[in-house]
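Participant: sequence unknown, structure follows:
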């Protein structure tokens with residue numbers, strides 16, 4: 001076999017082996033590398049290059065070395081899962097950098113972090129004054145997480161005493177002009193419903209780049225033609241308006257009748273509907 005053909009076959013074999021091994025190591029190997037995982041990635045890549053280019057008869061030993069490295073990595077991950085002490089030794093512990101607005105200089109030196117680097121990490125969290133920081137900690141991955149003081153934390157509906165509805169993951173029901181049946185079935189919907197919603201917006205399926213349905217059953221579409229404007233769904237707003245109109249009608253009926261029993265009934269129904277509106281309003285105002 002010519003050398004070039006043998007190298008091509010070995011490269012393909014190395015790619016296949018690397019794919020299988022990285023799948024075994026999991027997504028964390030790619031997204032958040034610890035120090036050992038970083039070394040493992042470099043070493044396995046070097047071994048794969050050896051398998052591809054070494055023309056000697058012992059090239060297969062590179063595959064053995066890759067398997068050993070992956071086995072050691074899996075064993076270390078197992079230890080980390082089972083033992084807190086092993087996690088502390090392998091990944092090290094998190095380090096507090098700022099406490100009560102005060103920078104801990106000794107911990108900065110321990111992590112070999114300069115003041116400029118600390119300020120850069122804080123700016124990534126949209127923090128520009130260390131005095132605004134209640135607590136800052138460097139994770140074993142190297143990321144710095146920040147807890148702002150109470151007065152500097154952003155307002156949330158909970159702070160204002162406002163109830164909001166839970167938000168579920170939107171489902172992509174149209175992608176690249178093609179209807180996705182599985183997400184539709186997950187929502188309990190079908191193609192007929194989707195076609196009806198598209199007719200309301202006046203667009204065809206083939207003109208939709210992406211279509212998503214939220215937890216309230218509202219369809220949002222993004223078209224290939226960015227110049228076209230698509231009206232936003234008004235299902236929840238229309239339902240809330242209808243409920244308020246019914247409440248107003250009940251109050252008007254109560255005022256327009258002279259019968260005491262009917263007036264009492266309309267007033268009671270109006271109060272009950274008002275309570276229903278208060279209960280469902282968090283679901284309809286988002």
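Facilitator: That came through fine. Because the structure is predicted, anything quoted here is derived from the model rather than measured.
Participant: any idea which helix or strand carries the residue nearest to residue 144 when sequence neighbours are not counted?
Facilitator: Counting by CB to CB, 6 or more residues apart in numbering, residue 144 lies nearest to residue 121, which is 4.0 Å off, once chain neighbours are set aside. For every residue, glycine as well, the C-beta is placed using N, CA and C. Assigned by DSSP states H and E, residue 121 falls within helix 115-124.
Participant: can you check residue 245 too?
Facilitator: Using DSSP H and E, residue 245 falls in helix 235-256.
Participant: model confidence over the helix or strand that that helix is followed by, on average?
Facilitator: For helix 235-256, the succeeding helix or strand toward the C-terminus, using DSSP H and E, is helix 260-284. Average pLDDT, helix 260-284: 83.
Participant: list the helices and strands helix 260-284 packs on?
Facilitator: helix 235-256 (3 or more CB pairs under 8 Å, 6 or more residues apart in numbering; DSSP states H and E).
Participant: Just the buried positions in the helix it packs on, please.
Facilitator: 236, 240, 243, 247, 250-251, 253-254 (16 or more other CB atoms under 10 Å).
Participant: do the same with stretch 87-99
Facilitator: For stretch 87-99, by 16+ other CB under 10 Å, it's 87, 90-91, 95, 97-98.
Participant: So what touches that stretch?
Facilitator: 34-36, 76, 79-80, 103-104, 107-108, 110-111, 113, 118, 130, 133, 135-140, 144, 146 (CB atoms under 8 Å, 6 or more residues apart in numbering).
Participant: Quote the end-to-end distance of it.
Facilitator: 24 Å (CA to CA, to the nearest Å).
Participant: what's the spacing between that stretch and its chain's center?
Facilitator: Relative to its chain's centre, stretch 87-99 lies at 25 Å (CA atoms, centre = their mean, to the nearest Å).
Participant: Mind checking which of the contacts of stretch 87-99 are in strands?
Facilitator: Judged by DSSP state E, the contacts of stretch 87-99 include 103, 133, 135-138, 144, 146 as members of strands.
Participant: Output the below-cut-off pLDDT ranges for the stretch 151-286 of the chain.
Facilitator: Along the stretch 151-286 of the chain, the parts satisfying pLDDT under 70 run over 164-165, 231-235, 283-286.
Participant: Show me where the protein has its helices.
Facilitator: Taking DSSP state H as the test, the helices found in the chain are 3-25, 28-31, 35-53, 61-82, 84-91, 105-110, 115-124, 181-186, 191-201, 235-256, 260-284.
Participant: who does the helix holding residue 245 touch, helix- and strand-wise?
Facilitator: helix 260-284.
Participant: And for the helix it packs on, what's in contact with it?
Facilitator: 162-165, 216, 236-237, 239-240, 243-244, 246-247, 250-251, 253-254, 257.
Participant: among the helices of the chain, which is nearest residue 153?
Facilitator: Comparison of the helices of the chain against residue 153 by CB to CB identifies helix 115-124 as nearest, at 15.1 Å.
Participant: who does that closest one touch, helix- and strand-wise?
Facilitator: So helix 115-124, by 3+ CB pairs under 8 Å, 6+ apart, packs with strand 144-148.
Participant: Any idea how far the strand it packs on is from the middle of the chain?
Facilitator: 19 Å.
Participant: same thing with stretch 40-52?
Facilitator: 32 Å.
Participant: Distance of residue 211 relative to residue 239?
Facilitator: Remark: distance between residue 211 and residue 239 (CB to CB, to the nearest Å) = 21 Å.
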